[in-house]
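A.B. asks: just coords:
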């Protein structure tokens, strides 16, 4: 019979998997309490949860969500970094933290319900935020539209200029 604590944790994990935009599976063994507290503080400042989770409970949630590719990452200690907003922010924080500590180890990643291998971590950590990328897209779309409007207005302005000159001659 499962304990009430495990039932509550399983329910919490199911909720996390249904709402998160990104989940980073990490191995934290070797980090001392001060380091983990520092990492959690960095995550907290960026609205990211960092939780230690039981592999047996994670396996249940992974199987329910048809994410069986992740079963091989559930060996040893596992903590998950959960982002509900920006999927690359945890990667940036982890990358910065790993520079100084060489840990935690990235085991696997889920972004928008898609499983990614740990090798994608480097690419994700170098990506711009969603807002920055949307800003770049708007900028890229805006320039051609401005040129189109200018091109379309040019004959009209020339015609108005000619009509104005004819009016002044009369």
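C.D. replies: Alright, I've got the coordinates. Note that the structure is predicted; figures quoted are calculated from it, not measured.
A.B. asks: what are the ranges of the helices in the protein?
C.D. replies: Under the criterion DSSP state H, the chain contains helices at 4-19, 33-45, 55-64, 89-101, 121-126, 130-169.
A.B. asks: Turn these into TSV, columns for distance to residue 110 and mean pLDDT.
C.D. replies: Glycine gets a C-beta too; all of them are placed from N, C-alpha and C. Formatted as TSV, the helices of the chain follow (distance: least, CB to CB, whole Å; pLDDT from 0 to 100):
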stretch	distance to residue 110	mean pLDDT
helix 4-19	8	93
helix 33-45	17	94
helix 55-64	9	94
helix 89-101	11	94
helix 121-126	12	90
helix 130-169	16	72
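A.B. asks: can you list the domain ranges for the protein.
C.D. replies: 4-127, 129-170 (automatic domain parsing).
A.B. asks: highest average neighbour count across those domains?
C.D. replies: domain 4-127 (a mean of 16; mean count of other CB atoms under 10 Å).
A.B. asks: how far does it sit from the chain's center?
C.D. replies: 12 Å (CA atoms, centre = their mean, to the nearest Å).
A.B. asks: for the residue lying closest to residue 54 once chain neighbours are set aside, what are its contacts?
C.D. replies: Nearest residue to residue 54 in three dimensions, chain neighbours excluded: residue 9, at 6.8 Å (CB to CB, 6 or more residues apart in numbering). Residue 9 is in contact with 53, 54, 57, counting by CB atoms under 8 Å, 6 or more residues apart in numbering.
A.B. asks: and what of residue 54?
C.D. replies: Under the criterion of CB under 8 Å, 6+ apart, the neighbours of residue 54 are 6, 9, 78.
A.B. asks: Out of the residues you listed, which is nearest to residue 98?
C.D. replies: Lowest distance from residue 98 to the contacts of residue 54 (CB to CB) belongs to residue 78, with 16.7 Å.
A.B. asks: Would you report the backbone torsion angles of the closest one?
C.D. replies: Main-chain torsions, residue 78, degrees, to the nearest 10: phi -140, psi 130.
A.B. asks: Please tell me how far it sits from residue 136.
C.D. replies: Distance of residue 78 to residue 136, given as CB to CB, to the nearest Å: 35 Å.
A.B. asks: How about residue 52?
C.D. replies: In terms of CB to CB, residue 52 sits 37 Å off from residue 136.
A.B. asks: Centre-most residue in this structure?
C.D. replies: The chain has residue 87 as the residue nearest its centroid, 0.7 Å off, counting by CA atoms, centre = their mean.
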